[in-house]
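*Asks:* sharing a sequence plus its predicted fold:
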Amino acid sequence: MVDEDFDMVVLSVGLEPSQDSQELAHRLGIELNHYNFATTTSFNPVETSRPGVFVCGVLQGPKDIPMAVMEASAAAGAAASALHPPATPWSGRRPSRGAGCEPGIPTDRGFRVQLRRQHFERCPGA
C-alpha cells in the first residue's frame, strides 16, 4: 500500500448536454458531434452547421466561465453582422488614402475644415 499527501483533491463528474438542449438543436437543424455538443470549427467557433444560428457556452462543449463569456460576445457580434452585413466589398475603384485622395495634402488637426471640404469636393468617391 502506498500513502501520498496532497494539498487538494478534486473529484469531478463529466459534463454532457441536457436532453432539452439536444432536442432544441435537432429542431433548429444544428448538427451535433458524437458527444452531442454543437458542431463548430476552430476557425469559426460560434458558427453552427445552420447559417445564421450561432452557439456559445457549454452547448458547444465543456469550458470555463471566461471562455463562455468571450464566446457569447463573439456570437452576438456574428449575429449582428448577419443582420447588418458590411458594405459592398471593393468594386474596382481606386482605394482611398485615408483622409485625402492626393499625396501631400496635410491631414493634421491644424488643417482648416474649409480647406478639407474643398479638397474632398475635388475627390471623386470620397
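*Replies:* Received it, and whenever you're ready, just let me know what you need.
*Asks:* for the longest helix seen in the chain, buried residues please.
*Replies:* If you go by DSSP state H, the chain has its longest helix at helix 65-83. By 16 or more other Cβ atoms under 10 Å, the buried positions in helix 65-83 come out as Met67, Glu71, Ala74, Ala75, Ala78. For every residue, glycine as well, the C-beta is placed using N, CA and C.
*Asks:* got the phi/psi numbers for the nearest residue to the third one once chain neighbours are set aside?
*Replies:* Nearest non-adjacent residue to Ala74, counting by Cβ to Cβ, 6 or more residues apart in numbering: Val46, 4.8 Å away. Here the main-chain torsion angles of Val46 (degrees, to the nearest 10) amount to phi -110, psi 0.
*Asks:* surely Val46 touches Ala76?
*Replies:* No. With contact defined as Cβ atoms under 8 Å, Val46 does not count as touching Ala76 (9.1 Å).
*Asks:* what's the mean pLDDT across the one helix or strand Gln22 maps to?
*Replies:* Per DSSP states H and E, Gln22 falls inside helix 19-28. Averaging pLDDT along helix 19-28 yields 93.
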